[in-house]
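In: Any chance you can model this:
(3 chains)
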Amino acid sequence: MSSTDEASDHSAARAELLKVFDLLLSSHGPQDWWPGDTAFEVIVGAVLTQNTAWSNVAQAIGNLREAGLLELEPLLRAAPDRVKALLAPAGYYNIKYDRLMNLLRFLDGQGPSLDGFARQPLEEQRSGLLDVKGVGPETADSILLYAFQRPVFVVDAYTRRLFSRLGHEWVEKASYDEVQTFFMEPLPRDTGLCNEYHALIVIHSKEVCKKNPLCKACCLGSICASADKV
DNA sequence: GGCCAGGACACCA
DNA sequence: TGGTGTCATGGC
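Out: Below is the predicted model:
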C-alpha cells in the first residue's frame, strides 16, 4: 500500500469514527461521565465492574462509602473479611478483593494520595497498571481515562458489540490492542473525546441496543449493518 | 429458574 | 497461541 493510500484510509476511518460519534452525541447529548465522585471511587469501580453489571457495583461502592472506606489508606488497612462482605453485591468478592488490594498497594507505593502516580508519564502509568495482577487493559485504561484524565480509548464489550454491528465484525474477536488502535490511530489524542465517546457507546448500548437489537430506527440505523437485516 | 452483565487469569492442547 | 473453565451476585 502506498503512503497516499494509507493517508486516504486513515482519513476515511477518522471520518467514519467521527460520524458515529456525532450521531451518538446528537441523539444522547453530552454524558459528562464516569459515575464516580472521586478518582479513588473510579479506581474501585473499574475493578469491581469486571464482568459485572454496574447496578451491582454501585451497591458495593455504596457499602464502602457508608463504612468510610472509600479512601486509599482506610481501605488498605481494613480487615479483609469486612471488606469482602461489603464487596459481595458486586460478585466475585474473593478475587476482586485480591485484585483491588494489589492495585491499591501499587498506587500507594507510587507516592501519597495518588499524586505520585498522577505525575508519571502515560506510558509508565499504563505499563505499571498492567503489571498489577488482576488489572487487564480495559481496567487500566478505564482508570487512566476516568480517574486521571489521560487520552486513552477504552475498549469494552459494548464497544466491540456496537462496532461489530456497524460492519466491523472483526472487532468482536480481535485483540484489545488491535481494537484500541482502530480507534486511537485515526482520532486526535483528546481526553474529552475519549471520555465522551466511550460514555456514549455505553449509554447507547444500555438504552437503545438492548431494547432494539436490530437497530431499526435507532440513531445509528442509517449506518448499521444489522439494520439492513430487519 | 435461567440468563446475562462495562474482565482477567490459570490451565491445557 | 487460542480455547475453555473459574470466579459470585443481583436484576430481569
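
In: Quick one: find the helix or strand in chain A with the lowest mean pLDDT.
Out: Across the helices and strands of chain A, the lowest-confidence element by mean pLDDT, DSSP states H and E is helix A:3-28, at a mean of 88.

In: Give me the packing partners of that helix, helices and strands only.
Out: Contact analysis of helix A:3-28 by 3 or more Cβ pairs under 8 Å, 6 or more residues apart in numbering; DSSP states H and E lists helix A:191-204 as its packing neighbours. Where you see a C-beta, it was placed from the backbone N, CA and C, and this is true even at glycine.

In: Identify the residues contacting the helix it packs on?
Out: Contact partners of helix A:191-204, identified using Cβ atoms under 8 Å, 6 or more residues apart in numbering, comprise A:21, A:24-25, A:27-28, A:30-34, A:145-146, A:149-154, A:156, A:158-159, A:162, A:183, A:187, A:218-220.

In: For whichever helix or strand residue A:126 is part of, which residues meet the burial criterion?
Out: Under the assignment given by DSSP states H and E, the secondary-structure element containing residue A:126 is helix A:122-130. Of the residues in helix A:122-130, those with enough neighbours to count as buried (16 or more other Cβ atoms under 10 Å) are A:125, A:126, A:128, A:129.

In: tell me the contacts of the last one?
Out: To tie it back to what came earlier, the one meant is residue A:129. With contacts defined as Cβ under 8 Å, 6+ apart, residue A:129 is in contact with A:103, A:106, A:135, A:139, A:140, A:143, A:144.

In: hmm, try it at 10 Å
Out: Contacts here follow Cβ atoms under 10 Å, 6 or more residues apart in numbering; on that basis residue A:129 touches A:43, A:46, A:103, A:106-107, A:117, A:135-137, A:139-144.

In: can you pull the contacts of residue A:27?
Out: Contacts were defined as Cβ under 10 Å, 6+ apart; by that measure residue A:27 touches A:200, A:203, A:204, A:207, A:208, A:218, A:219, A:220.

In: out of everything not next to it in sequence, what's closest to the residue in chain A positioned nearest to DNA strand C?
Out: With Cβ to the nearest atom of the strand, the shortest gap between chain A and DNA strand C falls at residue A:91, namely 2.4 Å. Spatial nearest neighbour of residue A:91, chain neighbours left out: residue A:52 (5.4 Å); criterion: Cβ to Cβ, 6 or more residues apart in numbering.

In: Understood, closing this out.
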